[in-house]
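Engineer: Using only what follows, build the 3D model:
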Amino acid sequence: MYSTVVMGMSKEDLEHRLRAMKQQLGVKEDTAVPAADGKSWSRSTSNTSRKSPAKRFLTIRWSNSGAIRRRVRPWMAEKGRHLPPRRKNHRLLGTAVNVVQMVFGNTGDNSGTGVCFTRDPSSGEKIFYGDYLTNAQGEDVVAGIRTPVRLAELQKIMPKAYAQLEKVRVKLEGHYKDMQDMEFTIEEGKLYMLQTRTGKRTPSAAFKIAMDMATRNSSPRKSSAAHQAGRY
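Structural biologist: Next up, the predicted model:
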């Protein structure tokens, strides 16, 4: 991820190299690659990157600086300068970068990552909806590299972490007064919430969610969900 996002290397080329190594080892999943072979592949990739001008792998100690520069770069690009908020407000002089603790969902079968919605984004039903991957990082869920399982499976695999996630689901939706799209990681059985945002939904789901919330509480802030449904 660092090599493609920060250093601009070809994701297709790296995936091709990884597939070739797995085929040579006779394994299908990334997690089945022995540590020694993974380190060897990483070193060969690092050597390839050094052949590119001004590109090299950084140690963990210094990698944050490269990630921060990559995050700020779009703000200074021509496209970034013409974003509506910057056209309307010339006082917007920069963008924020949050540096937070890194947690790892790929430390074994007692770890994993997932994405979930506090409600079904297709129907609007009040059911916990999402996908989960054991022994994986967040990008693995959306990259299509591995096939995730339904969130309900997490309740069987790690009931304690699932119960914590269920509490977070209720708390966040209650706080924001709208359906949430959440990302989380479990490291050695401990739940970490990565982010939450208003979840996208179908028009019919938007209507049902708005009606449910307006019925539950008719205060101005909560009933505002009904106005959102009108925008779809």
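
Engineer: which residues in the protein form helices?
Structural biologist: 2-5, 11-25, 35-50, 60-76, 78-81, 84-88, 138-143, 152-157, 159-176, 203-216, 220-229 (DSSP state H).

Engineer: center of the chain - which residue?
Structural biologist: Centroid-nearest residue in the chain: Gly138, 4.9 Å away (criterion: CA atoms, centre = their mean).

Engineer: hmm, back to that, looking at the helices of the chain, which one has the lowest mean pLDDT?
Structural biologist: Lowest mean pLDDT of the helices of the chain: helix 220-229, a mean of 41.

Engineer: Which of the helices of the chain sits closest to Pro121?
Structural biologist: Closest approach to Pro121 among the helices of the chain (CB to CB): helix 203-216, 5.8 Å. (Each C-beta comes from the backbone N, C-alpha and C, glycine too.)

Engineer: could you dump the helices of the chain to CSV with distance to Arg119?
Structural biologist: What follows is these, written out as CSV (distance: least, CB to CB, whole Å):
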stretch, distance to Arg119
helix 2-5, 31
helix 11-25, 33
helix 35-50, 39
helix 60-76, 31
helix 78-81, 34
helix 84-88, 29
helix 138-143, 19
helix 152-157, 15
helix 159-176, 8
helix 203-216, 6
helix 220-229, 11
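
Engineer: Compare those and give me the one nearest Lys190.
Structural biologist: So among the helices of the chain, helix 159-176 is nearest, using CB to CB, at 7.6 Å.

Engineer: if I look at Asp131, how far off is Ala206?
Structural biologist: Per CB to CB, to the nearest Å, Asp131 is found 22 Å from Ala206.

Engineer: With neighbour numbers in mind, choose between these two.
Structural biologist: Ala206 (21 against 17; other CB atoms under 10 Å).

Engineer: Name the nearest residue to Val170, ignoring sequence neighbours.
Structural biologist: Thr118 (8.0 Å; CB to CB, 6 or more residues apart in numbering).

Engineer: The one you found: how many residues sit nearby?
Structural biologist: Neighbour number of Thr118 under other CB under 10 Å is 26.

Engineer: With Ala32 instead?
Structural biologist: Neighbour number of Ala32 under other CB under 10 Å is 10.
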